[in-house]
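> A structural model of the following input is requested.
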Amino acid sequence: MKLSTLLNPDQILLNLEAVEHWSSIVELVGQLVKIGKLPADQEAEILEAFKAREEQVSTGIGLGVAIPHAFSDHLDEVIAVFGRSKGGIDFQALDDAPVHFVILFIVPRKEYHLHLQTLAAIAKMFTNREILRQLGEASDLEEVLKIFGFKPARVGS
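Next up, the predicted model:
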């Protein structure tokens, strides 16, 4: 699974405003609502699911990466959003390092196997130090899209 199958440009925030763990999750879920990927009437329920998950153990996996994830009874497909924080966020990560990259996703509850596949694919990509370096140095959305495997748009199509 590639991030290009989960994300579109509206689901990539290169300058997260949040500076704290929980507010970054709220900001990213808010982006999904803003762009219509998540119905507004489901926002509170999804945030509760994220809160319950984060209370178990932080989803900050180390190397400056966090992968918050939750389940929903109302979705038919995985939805995701990526955020980058230049300043870093205290996510209580496993290595205690600030988090600069947050990839948040929500999976239909009935698709538990898809949850594991998505988590594994994201973790594999985000533990590659070269990809992390490129994401940190990317100056614009176009560069990030290339890193995530998006194909350049054809002129005239």
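> State the number of residues packed around the nearest residue to Lys51 once chain neighbours are set aside.
The shortest distance from Lys51 to any non-neighbouring residue, by C-beta to C-beta, 6 or more residues apart in numbering, is to Trp22 (7.6 Å). The way it works is simple: take the backbone N, C-alpha and C, and place the C-beta from them, glycine included. Taking other C-beta atoms under 10 Å as the neighbour definition, Trp22 ends up with a count of 15.
> unless I'm mixing things up, Leu132 is touching Arg84, no?
No - Leu132 lies out of contact with Arg84 (C-beta atoms under 8 Å); the separation is 10.6 Å.
> where do the contact lists of these two overlap?
Phe101 (C-beta atoms under 8 Å, 6 or more residues apart in numbering).
> count of residues packed around Asp73?
Asp73, neighbours per other C-beta under 10 Å, totals 10.
> Tell me the spacing between the spatially closest residue to it that is not a sequence neighbour and Phe150.
Among residues not flanking Asp73 along the chain, Arg109 sits closest, at 5.1 Å (C-beta to C-beta, 6+ apart). For Arg109, the distance to Phe150 (C-beta to C-beta, to the nearest Å) stands at 29 Å.
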